[in-house]
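Colleague: When you get a sec, could you give me coordinates for this:
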Amino acid sequence: MSRHSIRLAGISVVMLGAGTTPAKAQSLDDKYWIEVGAYRPSVSSHVRVAPASNPDGGTNIDLESDLDLDKHKALPQVAAGIRLGGDWSVMGEYYSLSRNGSKTVARDITFDDVTYPAGVRVESSFDSDVYRLTFGYAFVNTTDTRVGAALGVHATDFVLAIKGDARVGEAQLSGAQRRRKALAPLPTVGLFATQRIATSLTLGARADYLSLTIDDYKGRLLNAEAAMTWRFAKNVGIGAMWRYVNYRVDVDKDNWAGRMRYRFSGPAVFMQIGF
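Modeller: Predicted coordinates for the structure are as follows:
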């Protein structure tokens, strides 16, 4: 069992033990809450990796078209939050994307310091773990409505690897593998809103954005989502969400340079427990 499955299983056990006596929806009144669910987006991702000696080199690789990575995949996601008293709150979220591909490439692909020529079969993998942490302040905070602003950080830990017969200059390499990883943190600013529209139903929306340069990274991020939650019991509810993420980060490290871009858009479903 993967570490992601273990995390989700443990949370599910807690949820199954929660009381299910029907009551007024309390998602706006909870002090603590946790959500576990699955996100199934359409994925579009591009990367370029070049050696530091030639930072403008490297092929812009479409991971779905060039390397046959999945365009659609269900991702596990976990979120949790706490209201700190008054109008302040803090929320964290985690989701993960792991894909593998195998394809005979249709064009020359240069990755780092090697070139995989057209007609060669390459194996590839792309793994990313996304972490979000936000601190929010509600400037409208009533029984049925909460509207506020948030500051946070969106961090992506990604690993990309390609393996196959390649060449470096005139030299031929059999089974050459190149692997790059990085942790790219980007701060964000955003707005959020939650509205109770019926006794057991709430609507929520948020958007986070920023474009900034920090140390070795220059990035731009837009995260937007809208959700509906049905609290069918006092402490337990279910919901559906639509999320859009557009993310780009340029990397300029001592030993390599490059760019990663990805776009997620699609639905998610989740279970919520709160107190």
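
Colleague: what separates A138 from T194, distance-wise?
Modeller: According to CB to CB, to the nearest Å, A138 stands 9 Å off from T194. All C-beta spots, glycine's among them, are computed from the backbone N, C-alpha and C.

Colleague: Identify the contacts common to these two.
Modeller: Common contact partners of A138 and T194 (CB atoms under 8 Å, 6 or more residues apart in numbering): 146-147.

Colleague: centroid residue for the protein?
Modeller: Geometric centre of the chain, nearest residue: V130, 4.2 Å, by CA atoms, centre = their mean.

Colleague: ok now the one helix or strand it maps to, how far from the chain's centre?
Modeller: In the assignment (DSSP states H and E), V130 maps to strand 121-141. Distance, stretch centre to chain centre, for strand 121-141: 4 Å (CA atoms, centre = their mean, to the nearest Å).

Colleague: what do you get for stretch 235-251?
Modeller: Worked out by CA atoms, centre = their mean, stretch 235-251 lies 7 Å from the chain centre.

Colleague: pLDDT (mean, whole number) over it?
Modeller: Stretch 235-251 comes out with an average pLDDT of 94.

Colleague: buried set for that stretch?
Modeller: When burial is assessed from 16 or more other CB atoms under 10 Å, stretch 235-251 yields the following buried residues: 235-237, 239, 241-243, 245-251.

Colleague: sorry, back to before: what is the subsequent helix or strand relative to the strand holding V130?
Modeller: strand 145-168.

Colleague: Can you spell out which helices and strands pack onto that following strand?
Modeller: On a contact count with 3 or more CB pairs under 8 Å, 6 or more residues apart in numbering; DSSP states H and E, strand 145-168 meets strand 114-116, strand 121-141, strand 171-198, strand 201-214, strand 236-252.

Colleague: Let me know which of those is tucked in deepest.
Modeller: Comparing those by mean neighbour count (mean count of other CB atoms under 10 Å), strand 114-116 ranks first with a mean of 22.

Colleague: ok, residues contacting that one?
Modeller: Strand 114-116 is touched from outside by 105, 108-110, 122, 162, 164-168, 173, 176, 178, with contacts defined as CB under 8 Å, 6+ apart.

Colleague: pLDDT of that strand, averaged?
Modeller: Throughout strand 114-116, pLDDT has a mean value of 95.

Colleague: who does the residue nearest to the centre of the chain bridge with?
Modeller: Beta bridges link V130 to Y95, T156, judged by DSSP bridges.

Colleague: Hmm, it is touching S98, no?
Modeller: No: look at V130 against S98 with CB atoms under 8 Å: they stay out of range, at 11.8 Å.

Colleague: what angle do the helix or strand encompassing G219 and strand 121-141 make?
Modeller: Per DSSP H and E: G219 is located in strand 217-230. Interaxial angle, strand 217-230 versus strand 121-141 (axes from the mean of the first three to the mean of the last three CA atoms, to 10 degrees): 60 degrees.
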